[in-house]
Structure formats: C-alpha cells, structure tokens
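[1] kindly return the folded structure for what I paste below:
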Amino acid sequence: MKKTKPKVLLVEDNPLHLKIFQTILGYNNYDTLVAPTGECALEEIEKNTPDLLIVDIKISGKKSLSLIQYLKKHQQ
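    Presented below is the predicted three-dimensional model:
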C-alpha cells in the first residue's frame, strides 16, 4: 500500500522564502502547494485540501489575517 505524503500549502509571495520552505519540507517528505496571494490560497484549498497551511503575515491581496479568519469561519 502506497502512503501519501502530507500536503502543506505555502502562502508566500517571496520567491526566496518559498524556495527555502520547499527545500526543507521536500527533504522531510512533504508535498508542497504554493499560493502567492490569499485569493490563490482559497482556490488551491478548494482544489487540494492541504494538511497544513504556512501563511506569510504580509502577503499581497487578501491579507493573511483575513484569510485565516475566513478559513476558520468556513472550515469543513
């Protein structure tokens, strides 16, 4: 039986930070999904429910705290 890797959604607009997170998480056997804005994060969550979100506090577009409040209010 094949075990699936846990999915982590990185909500980050800085390419260097993304690369660092992806390298560390990939090395530790996680699949990473990327969203540069809050709006993209919501779309990605609808398509691929992640096991964990890592959210930059200062992302562009929908602000990170608004994104977290929205997700908490609409959690499944």
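[2] biggest helix in this protein by residues?
    Criterion DSSP state H: the longest helix present in the chain is helix 15-27.
[3] after it comes which helix or strand?
    strand 31-35 (DSSP states H and E).
[4] next, the angle helix 15-27 makes with that next one.
    Computed by axes from the mean of the first three to the mean of the last three Cα atoms, to 10 degrees, the angle separating strand 31-35 from helix 15-27 equals 160 degrees.
[5] for strand 31-35, packing partners?
    On a contact count with 3 or more Cβ pairs under 8 Å, 6 or more residues apart in numbering; DSSP states H and E, strand 31-35 meets strand 7-11, helix 15-27, helix 38-47. All C-beta atoms are positioned from the backbone trio N, CA, C, and that covers glycine.
[6] make TSV from the ones you listed and add distance to Leu65 and mean neighbour count to it.
    Formatted as TSV, the helices and strands packed on strand 31-35 follow (distance: least, Cβ to Cβ, whole Å; neighbours: other Cβ atoms under 10 Å):
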stretch	distance to Leu65	mean neighbour count
strand 7-11	12	22
helix 15-27	18	13
helix 38-47	10	16
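[7] including mean pLDDT and distance to Leu67, could the ones you listed go into JSON lines?
    Listed next are the helices and strands packed on strand 31-35 as JSON lines, based on pLDDT from 0 to 100; distance: least, Cβ to Cβ, whole Å:
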{"stretch": "strand 7-11", "mean pLDDT": "95", "distance to Leu67": "7"}
{"stretch": "helix 15-27", "mean pLDDT": "96", "distance to Leu67": "17"}
{"stretch": "helix 38-47", "mean pLDDT": "89", "distance to Leu67": "4"}
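[8] save these as CSV, and put in distance to Ile68 too.
    Below are the helices and strands packed on strand 31-35 laid out as CSV (distance: least, Cβ to Cβ, whole Å):
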stretch, distance to Ile68
strand 7-11, 10
helix 15-27, 18
helix 38-47, 9
